[in-house]
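Trainee: Sequence and computational prediction follow.
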Amino acid sequence: EASAPILMRLHGMPRWVIPVVMGLLLATGLFLSGSWAWLGALMLLAVSAFLAWLLALSWPMLTTGGRLARGLVVAAVLGLAALKALGKL
């Protein structure tokens, strides 16, 4: 599978790195405004892409409710990115 090398590299990192990086991207993406809003939108897109990738990898093992919940989270972050890009957030 194409994701295997990436997963192995992520698995080799300390456990705290991914949540901290994703949290920083999310928080910074939400707080950037004005002429930097485009960068905030890109950061939110990066978070949503990572979450969508994890959703795709875990799809076969999830229940319908789990798929729905995780899909809603991805959609919500994408919505925030769109609002940020449009200057509404």
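Mentor: Happy to help now that I have it.
Trainee: can I get the CA coordinates of stretch 43-51 in CSV?
Mentor: Provided in CSV are the C-alpha atoms of stretch 43-51 (Å, rounded to 0.1, in the frame of the first residue of the first chain):
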residue,chain,number,x,y,z
MET,A,43,-3.4,25.2,7.5
LEU,A,44,-7.0,24.1,8.0
LEU,A,45,-6.9,22.3,4.7
ALA,A,46,-3.8,20.4,5.8
VAL,A,47,-5.6,19.3,9.0
SER,A,48,-8.6,18.2,7.0
ALA,A,49,-6.4,16.3,4.5
PHE,A,50,-4.7,14.5,7.3
LEU,A,51,-8.0,13.6,9.0
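Trainee: Could you list the buried residues of that stretch?
Mentor: Neighbour counts over stretch 43-51 (16 or more other Cβ atoms under 10 Å) mark M43, L44, L45, A46, V47, S48, F50, L51 as buried. (Each C-beta comes from the backbone N, C-alpha and C, glycine too.)
Trainee: next one: stretch 65-84
Mentor: R70, V74, V77, L78, L80, A81, K84.
Trainee: so which of those comes closest to S35?
Mentor: Ranked by distance to S35 (Cβ to Cβ), the buried residues of stretch 65-84 are led by K84 at 12.7 Å.
Trainee: helix/strand/coil for the closest one?
Mentor: Assigned state for K84: helix (three-state reduction, DSSP: H, G, I helix; E, B strand; the rest coil).
Trainee: one step back: can you put the buried residues of stretch 43-51 in JSON lines and add secondary structure and pLDDT?
Mentor: As requested, these are arranged in JSON lines below (DSSP: H, G, I helix; E, B strand; the rest coil; pLDDT from 0 to 100):
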{"residue": "M43", "secondary structure": "helix", "pLDDT": "98"}
{"residue": "L44", "secondary structure": "helix", "pLDDT": "98"}
{"residue": "L45", "secondary structure": "helix", "pLDDT": "98"}
{"residue": "A46", "secondary structure": "helix", "pLDDT": "98"}
{"residue": "V47", "secondary structure": "helix", "pLDDT": "98"}
{"residue": "S48", "secondary structure": "helix", "pLDDT": "98"}
{"residue": "F50", "secondary structure": "helix", "pLDDT": "97"}
{"residue": "L51", "secondary structure": "helix", "pLDDT": "98"}
